[in-house]
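# model this:
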Amino acid sequence: GPLGMRVLGQVARPPDAGELRQMQQLVAKAMCEGAFGLSTGLFYAPQSFTSTDEVVALATEAARRGGRYDTHQRDESSYSLGLMGSIDEVLEIGRRAGMPVHIAHIKALGVDVHGQAGAIVARIEQARAAGQQATADQYPWLAWGPTRGAALLPHWAVDGGRKALFAHLDTPADAAKIRSAMRENLRRRGGADALLLTGAGWPWTGRTLQAIADDWAIDPIEAALRIIGEGGIDNDGAQSASRLASFNMARADVDLLMQQPWVVTASDGGDGHPRQYATFPEKYARFVRQDKVIDLQAFIHRSSGLTATTMGLQDRGFLRAGQFADVVVFDPERFAAKADYVHPKVLSEGVVHLFVNGTQMIDDGQLAQALPGRVLQHRPPAGTCP
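Numbers count the residues shown, from 1 in each chain. Below you'll find the model as predicted:
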């Protein structure tokens, strides 16, 4: 994303040869400064207009310096390539660039792909059996947290930002296409009842899009456009009128993906979703203690050691002599999330002690005033950087 913005701006076109070389040079520079690899968000405009070949060209520069490819894949549903086509694209990029691949917050999103977790697992297991390094992370929630623009609007309509969107809406032919695409996107997501409006401080906070549309006696698509108009699509913070929780995942898919030994825990922590503050205690309380989807050992390893190994972090993630002392001690009877979709920043309970780099940050549940964290940098192989 930043590479494209730096060189091309927010436009939907491929780079020419000179621009691509400039982007490759930026990747190489970042890797030599300590970046761990190349990440992409190919679902989101303008990255969604990026070709596979362009991603490979950039990823190869990271691969030469020991980097990995980490991606919000192009399609988790049925928007473009389709879920399985998108999984294949991730694996293809890794093979062609010669690097490990990691899929961010892996899921089967929306009614069109519910039940496809088994196919995802089979495809990735096949790649791993063939020697490819392929891993993923997951947050333990049934809703994701996009803005309403990302959830419903077609990508072409927001290419150029808010000003471009409203120019399209003022053009009758474009407006009709936008409404048609929004209706299809709403269907994919299970309807207006599956979208909970979560932006703080608005009249519709804590209510579904369907409930608001009913109150206003208008179609849900018109209600969504009205909310976008009042709150914007560019403000992605917790106060944004366009924040929502989109309940589009099937519990059976979440469980199956969580059980895979190559899937680690991740918050994907952005404002306006409880995953930012409550992911790890939610996973423990609901999926370990209550429903026994995975056991305690798997939960701990996939939230610590396996994450460190997957990301190539040195001397972290394990309770071993000589390693950095990053340690959480929690009460197994009390460790649980308190945040929810409408109140996403409520602190969790049950952490007794917390050490970061050997410094005690929480003592008997009380936060210490210390800042022992440090920036971790990747070390490129010798001879790959000036």
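
# CA only for contacts and neighbour counts going forward, please
Noted.

# any regions of the stretch 251-386 of the chain where pLDDT drops low?
Residues of the stretch 251-386 of the chain meeting the criterion pLDDT under 70: none.

# for it, what spans make up the strands?
Using DSSP state E, counting those that start in this stretch, the strands of the stretch 251-386 of the chain run over 263-265, 327-330, 351-356, 359-363, 366-367.

# tell me the contacts of residue 11?
Going by Cα atoms under 8 Å, 6 or more residues apart in numbering, residue 11 touches 46, 159, 160.

# quick one on the thing from earlier: most packed of the strands of the stretch 251-386 of the chain?
Among these, ranked by average contacts under mean count of other Cα atoms under 10 Å, first place goes to strand 263-265 (a mean of 25).

# by contact count, what packs against it?
Counting contacts by 3 or more Cα pairs under 8 Å, 6 or more residues apart in numbering; DSSP states H and E, strand 263-265 packs against strand 134-138, helix 305-311.

# need the winner for burial among those.
Buried most deeply of the helices and strands packed on strand 263-265, by mean count of other Cα under 10 Å, is strand 134-138, with a mean of 22.

# next SSE downstream of that strand?
Downstream of strand 134-138, the first helix or strand assigned by DSSP states H and E is strand 143-144.

# would you mind pulling the contact partners of that next one?
With contact meaning Cα under 8 Å, 6+ apart, strand 143-144 is reached by 245, 246, 247, 248, 249, 273.

# restricted to strands, list those.
Of these, the ones assigned to strands by DSSP state E are 245, 246, 247.

# circling back: which one of the contacts of strand 143-144 sits in the busiest neighbourhood?
The member of those surrounded by the most neighbours (other Cα atoms under 10 Å) is residue 273, with 30 neighbours in all.

# once you drop chain neighbours, what's closest to residue 222?
Of all residues not flanking residue 222 in the chain, residue 213 sits nearest, at 7.9 Å (Cα to Cα, 6 or more residues apart in numbering).

# OK, contacts around the one you found?
Listed by Cα under 8 Å, 6+ apart, the contact set of residue 213 reads 219, 220, 222, 223.

# next, the buried residues of whichever strand or helix holds it.
Assigned by DSSP H and E, residue 213 falls within helix 209-216. For helix 209-216, the neighbour count (16 or more other Cα atoms under 10 Å) marks 209, 210, 211, 212, 213 as buried.
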